[in-house]
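J.: coords below, sequence missing:
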């Protein structure tokens with residue numbers, strides 16, 4: 001969603017000030033900002049072996065890298081280096097660490113950093129609110145927002161995006177409306193497209209589809225694609241084909257080449273059992289040469305980050321990974337798991353669908369974690385796309401079968417699986 005880009009605004013404020021001439025963070029910061037995260041980590045390790053002392057800019061850059069890679073262990077080591085340097089009280093570093101821990105799946109550590117940072121500005125408060133939002137802790141986010149107001153800190157537009165997002169993932173419709181109205185009435189902040197998108201998402205997830213459509217029609221801004229995409233996703237969740245087709249048409253006019261729009265409509269048809277509709281969507285994608293973005297998942301094991309794509313067989317331990325998948329598949333089926341093939345194309349045989357689903361990138365990363373990490377250690381996975389419903393169901397069963405906590409960060413939020421349940425309560 002468009003608003004996800006805005007979530008990083010404050011973190012960018014922290015990291016974009018890198019690289020004063022001669023700073024130890026000049027090249028490292030350049031790598032980080034350019035997306036060369038592995039190179040940035042390697043360079044940071046080299047800096048530590050020299051006489052150069054990592055400075056504020058260097059730490060900000062490397063924290064940003066750890067957050068993007070969900071490299072929790074390396075992030076913790078950087079945090080230790082910050083403490084040794086005496087910079088742990090810096091509010092910029094505090095905000096960056098809160099963001100990093102939240103994105104690495106450790107909301108408890110994020111809270112500890114927040115509580116220990118003596119000076120709290122709007123960036124730090126917002127980072128913590130966004131962290132709660134990412135983990136589906138809506139009530140905690142709203143409560144923290146109220147504390148922020150009581151402290152005298154004035155929220156900004158990013159703060160409100162955080163609160164609204166938290167309400168979205170927790171179904172707090174009344175709190176969301178209160179926040180949205182207070183933004184303009186109390187703080188004189190005019191809603192941006194991101195805020196409107198949050199509200200449509202909030203109403204849609206809660207099943208208030210007509211209210212969401214009416215909200216869009218009354219928007220003073222011309223709705224962008226992200227707004228319509230939020231509503232289309234909600235139509236899929238609540239199986240409203242008529243409205244979904246209307247919304248999809250708007251999306252195709254705005255973004256005819258974006259695969260996610262077609263996937264959302266296809267998923268709606270699948271849930272409604274309209275197989276002809278799925279065929280039409282596939283034909284449109286073929287005619288317009290639209291290709292779905294491949295799913296990719298990352299997992300950190302022994303301070304190294306490993307990446308997997310769906311059906312990946314490039315890893316040295318491929319045979320062990322697939323053998324573990326087969327074992328896990330058998331065990332969770334005995335426990336009651338049933339493959340949901342509605343997330344696969346309709347003209348593929350059922351057996352092939354099940355095979356393809358169980359080789360999604362997050363399941364491969366999970367199997368690798370099970371065979372390489374000591375029993376009991378939580379497994380943390382990051383995915384570039386939204387986790388599909390079948391993977392979500394399977395991982396719930398796997399968490400109970402292997403007796404581990406499993407954290408999955410997808411394109412929209414965190415899922416904390418434990419004892420066969422997920423922190424989202426299947427509200428996502």
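T.: Great, that's in hand. Since this is a predicted model, take the numbers as computed values, not measurements.
J.: all helices of the stretch 51-200 of the chain, in order?
T.: 56-69, 72-85, 91-103, 107-116, 122-134, 138-150, 157-168, 173-185, 193-205 (DSSP state H, counting those that start in this stretch).
J.: cool, the stretch 201-350 of the chain as well?
T.: Going by DSSP H, counting those that start in this stretch, the stretch 201-350 of the chain shows helices at 209-217, 225-237, 241-254, 259-272, 275-287, 318-334, 350-357.
J.: Can you list the buried residues in the fifth one?
T.: The reference is to helix 275-287. For helix 275-287, burial by neighbour count (16 or more other CB atoms under 10 Å) applies to 277-278, 281-282, 284-285. In this view, the C-beta of every residue, glycine as well, is placed from N, C-alpha and C.
J.: re the thing from before, mean neighbour count, the helices of the stretch 201-350 of the chain: which tops it?
T.: helix 225-237 (a mean of 25; mean count of other CB atoms under 10 Å).
J.: Could I get the buried residues of helix 275-287 in a markdown table, plus columns for pLDDT and distance to residue 389?
T.: Shown next, in a markdown table, are the buried residues of helix 275-287 (pLDDT from 0 to 100; distance: CB to CB, whole Å):
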| residue | pLDDT | distance to residue 389 |
| --- | --- | --- |
| 277 | 95 | 18 |
| 278 | 93 | 16 |
| 281 | 95 | 18 |
| 282 | 92 | 19 |
| 284 | 95 | 23 |
| 285 | 95 | 21 |
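J.: ok, so of the residues you listed, who is nearest residue 67?
T.: Nearest to residue 67 among the buried residues of helix 275-287, counting by CB to CB, is residue 285 at 33.4 Å.
J.: Contacts only, for the closest one.
T.: 259, 262, 291-292 (CB atoms under 8 Å, 6 or more residues apart in numbering).
J.: Against residue 258, how distant is it?
T.: 11 Å (CB to CB, to the nearest Å).
J.: cool, residue 95 as well?
T.: Where residue 258 is concerned, residue 95 sits at a distance of 32 Å (CB to CB).
J.: where does the stretch 51-200 of the chain dip in pLDDT?
T.: 51 (pLDDT under 70).
J.: Just flag the most distant two among the contacts of residue 285.
T.: Pairwise distances across the contacts of residue 285 peak at 10.1 Å for 262 and 291 (criterion: CB to CB).
J.: Buried residues, stretch 81-96. List them.
T.: Buried residues in stretch 81-96 (16+ other CB under 10 Å): 81-82, 85, 87-88, 90, 92-96.
J.: Is it correct that residue 56 is in contact with residue 91?
T.: No - with contact defined as CB atoms under 8 Å, residue 56 does not reach residue 91; the gap is 11.1 Å.
J.: ok, back up a step: so can I have JSON lines of the helices of the stretch 201-350 of the chain showing distance to residue 153?
T.: Conversion of the helices of the stretch 201-350 of the chain to JSON lines gives the following (distance: least, CB to CB, whole Å):
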{"stretch": "helix 209-217", "distance to residue 153": "29"}
{"stretch": "helix 225-237", "distance to residue 153": "28"}
{"stretch": "helix 241-254", "distance to residue 153": "37"}
{"stretch": "helix 259-272", "distance to residue 153": "36"}
{"stretch": "helix 275-287", "distance to residue 153": "47"}
{"stretch": "helix 318-334", "distance to residue 153": "47"}
{"stretch": "helix 350-357", "distance to residue 153": "46"}
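J.: Please report the distance of residue 333 from residue 362.
T.: For residue 333, the distance to residue 362 - CB to CB - is 18 Å.
J.: just residue 76 next, same as before
T.: 23 Å.
J.: Of those two, which one has the most company?
T.: Shown here are residue 76 and residue 362; by other CB atoms under 10 Å, residue 362 has more neighbours (28 against 17).
J.: quick one: residue 107 and residue 133 touch, right?
T.: No - under the criterion of CB under 8 Å, residue 107 makes no contact with residue 133, lying 10.5 Å away.
J.: Comparing these two, which residue is more hemmed in?
T.: Higher neighbour count among residue 107 and residue 133: residue 133, with 27 against 23, using other CB under 10 Å.
J.: so that one touches residue 162, yeah?
T.: Yes - between residue 133 and residue 162 there is a contact at 5.3 Å, judged by CB under 8 Å.
J.: what touches both of the two?
T.: With CB under 8 Å, 6+ apart as the test, residue 133 and residue 162 both reach residue 141.
J.: mind listing what residue 121 touches?
T.: Contacts for residue 121 (CB under 8 Å, 6+ apart) come out as 91, 95, 153.
J.: Tabulate those (CSV), appending distance to residue 415.
T.: Converted to CSV, the contacts of residue 121 look like this (distance: CB to CB, whole Å):
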residue, distance to residue 415
91, 30
95, 24
153, 31
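J.: Okay, buried residues for stretch 116-132 please.
T.: Buried residues in stretch 116-132, counting neighbours by 16+ other CB under 10 Å, are found at 117, 120, 122-132.
J.: before we move on, what about stretch 295-310?
T.: Buried, per 16+ other CB under 10 Å, within stretch 295-310: 295-301, 305-310.
J.: out of those residues, which are inside strands?
T.: Secondary-structure check on these using DSSP state E: residues within strands are 296-301, 305-309.
J.: Which residue in the residues you listed has the weakest pLDDT?
T.: Lowest pLDDT of those: residue 305, 85.
J.: right, and it touches residue 296 too?
T.: No - using CB under 8 Å, residue 305 is not in contact with residue 296, being 11.8 Å away.
J.: Put together TSV for the contacts of residue 285, with pLDDT and distance to residue 326 on each row.
T.: Shown next, in TSV, are those (pLDDT from 0 to 100; distance: CB to CB, whole Å):
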residue	pLDDT	distance to residue 326
259	94	30
262	96	32
291	89	30
292	84	26
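J.: Now flag whichever of those residues is closest to residue 247.
T.: residue 262 (12.8 Å).
J.: Near the closest residue to residue 224 other than its chain neighbours, how many other residues are there?
T.: Leaving aside its sequence neighbours, residue 224 sits nearest to residue 193 (CB to CB, 6 or more residues apart in numbering; 5.4 Å). Using other CB under 10 Å, residue 193 has 17 neighbouring residues.
J.: For residue 174, give its distance to residue 142.
T.: Counting by CB to CB, the gap from residue 174 to residue 142 is 10 Å.
J.: Have a look at the two and say which one is more surrounded.
T.: For residue 174 versus residue 142, the count of surrounding residues by other CB under 10 Å is larger for residue 142: 21 against 8.
J.: residue contacts, that one?
T.: 163, 166-167, 172, 175, 179.
J.: Mind doing that once more with 10 Å?
T.: 129, 132, 163, 166-167, 170, 172, 175-176, 178-179 (CB atoms under 10 Å, 6 or more residues apart in numbering).
J.: Now render the helices of the stretch 51-200 of the chain as CSV, adding distance to residue 220.
T.: Output for these, formatted as CSV (distance: least, CB to CB, whole Å):
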stretch, distance to residue 220
helix 56-69, 35
helix 72-85, 41
helix 91-103, 32
helix 107-116, 35
helix 122-134, 25
helix 138-150, 25
helix 157-168, 16
helix 173-185, 11
helix 193-205, 9
